[in-house]
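Visitor: Here's my sequence, what's the structure:
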Amino acid sequence: MNSVIDFVLLFFVYSFLGWCVEVSLKYIQYHRFINRGFFTGPICPIYGSGAALITLIVGGIAPVEQGYGTTFALSFVLCGVVEYFTSYFMEKRFHARWWDYSQKPMNLHGRVWIGNLILFGLAGVAIIRFFNPILYRVLDRLPLPVREGLVVGLLAVFAADYVLTHFVLKLVKTGVEQSAADNTEEINREIKLLLSDKNVFYRRFADAYPEVIYRTERINARMEAIRAETERLRREAEQRREQLSSALEPTGLIKNDLIEKQEALLNLLYDENTASADMKALKKEIDHDQERLRNRPLAKISNRPS
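Guide: Numbering: from 1, shown residues only. Predicted coordinates:
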């Protein structure tokens, strides 16, 4: 029971620390405070979930393997999986991509990228080797009733925040689905206007994700049409290039190439030891004519490199 309570408290601690990281990064980027996350309170559950999963999995294999490399690799993979499927679920559920790494190197469908994964791996090592031991020591000093009270209080606030978030996201989803726009910028403006008429909790959410990309069926169809048209134009350009290249190729070069291939074929089929007298005579005439053709001035000019 104590371990479950401590585990829940760890989740909330790392969710809060993750929120602090997000707020700090956005402050550096936009030079103003932005309350990040889907929840109104200072919490980003995706960070808490990743840290809790790392703690659970790495703690489970601790009796077998405790190396830094193993911790890094597990954190790299586990947090990457959490981020990828969170992005996928939120996009399918609410028709919006809340973060996009498509312009980053070595990304997977724009949902995760190598830079974040490396940071996740390093953070996992720090969590297991440094932060968790400190947090567990602090929690051990708190009486069990205090920890239980903290868990009950935090879960109650979390549940209330979740209900509020549900209504906000439901309004966002409805606004996206009812929009007649065919580009994400216009939908983004419509959603911000829609939320601006509501209370502070709704307006807070409009400010939390300035880079959100909305993806309705209309936008997806338009993007697919653009991709198809781009591919068609590419194929047509390739065909025109091949046709132009073929038309500009000198006739003499084509003839010489054909002669060389005929000669190669004859060499494969002709056997001096088994050939009849007529075949040998014909082969001699062919060789003589090929030699005459090669020695013609036009043939020599055609064989010069351009």
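
Visitor: all helices for the stretch 101-250 of the chain, in order.
Guide: For the stretch 101-250 of the chain, the helices defined by DSSP state H, counting those that start in this stretch occupy 114-126, 132-141, 144-178, 184-196, 200-208, 217-248.

Visitor: mind checking which of those is nearest Phe38?
Guide: Closest of the helices of the stretch 101-250 of the chain to Phe38 is helix 144-178, at 5.2 Å (criterion: C-beta to C-beta). Just so you know, the C-beta spots here come from the backbone N, C-alpha and C atoms, and that holds for glycine as well.

Visitor: From the contact counts, what lies against the closest one?
Guide: With contacts taken as 3 or more C-beta pairs under 8 Å, 6 or more residues apart in numbering; DSSP states H and E, helix 144-178 sits against helix 2-30, helix 68-94, helix 184-196, helix 200-208.

Visitor: picking that back up, turn the helices of the stretch 101-250 of the chain into CSV, including mean neighbour count, distance to Val58 and mean pLDDT.
Guide: Formatted as CSV, the helices of the stretch 101-250 of the chain follow (neighbours: other C-beta atoms under 10 Å; distance: least, C-beta to C-beta, whole Å; pLDDT from 0 to 100):
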stretch, mean neighbour count, distance to Val58, mean pLDDT
helix 114-126, 18, 7, 94
helix 132-141, 13, 9, 93
helix 144-178, 14, 22, 89
helix 184-196, 16, 39, 76
helix 200-208, 17, 31, 78
helix 217-248, 10, 39, 70
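
Visitor: which one of those helices lies closest to Gly48?
Guide: Gly48 lies closest to helix 144-178 among those, at 10.1 Å (C-beta to C-beta).

Visitor: and the angle for the closest one with helix 184-196?
Guide: 120 degrees (axes from the mean of the first three to the mean of the last three C-alpha atoms, to 10 degrees).

Visitor: Determine how far helix 144-178 lies from the middle of the whole chain.
Guide: 29 Å (C-alpha atoms, centre = their mean, to the nearest Å).

Visitor: quick one, it and helix 132-141 angle?
Guide: 120 degrees.

Visitor: pretty sure Lys173 is touching Arg93, no?
Guide: Yes. Between Lys173 and Arg93 there is a contact at 7.4 Å, judged by C-beta atoms under 8 Å.

Visitor: Which neighbours do those two have in common?
Guide: Counting by C-beta atoms under 8 Å, 6 or more residues apart in numbering, Lys173 and Arg93 have no common neighbour.

Visitor: Enumerate every residue touching Tyr101.
Guide: Counted by C-beta under 8 Å, 6+ apart, Tyr101 has contacts 107, 110-113, 116.

Visitor: Please produce a markdown table containing those, extended by distance to Arg129.
Guide: Output for these, formatted as a markdown table (distance: C-beta to C-beta, whole Å):
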| residue | distance to Arg129 |
| --- | --- |
| Asn107 | 28 |
| Gly110 | 32 |
| Arg111 | 28 |
| Val112 | 24 |
| Trp113 | 25 |
| Asn116 | 20 |
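
Visitor: In strands only, show me those residues.
Guide: 107, 112-113 (DSSP state E).

Visitor: number of nearby residues for the nearest residue to Cys20 once chain neighbours are set aside?
Guide: The shortest distance from Cys20 to any non-neighbouring residue, by C-beta to C-beta, 6 or more residues apart in numbering, is to Pro42 (7.6 Å). By other C-beta atoms under 10 Å, the residues close to Pro42 number 16.
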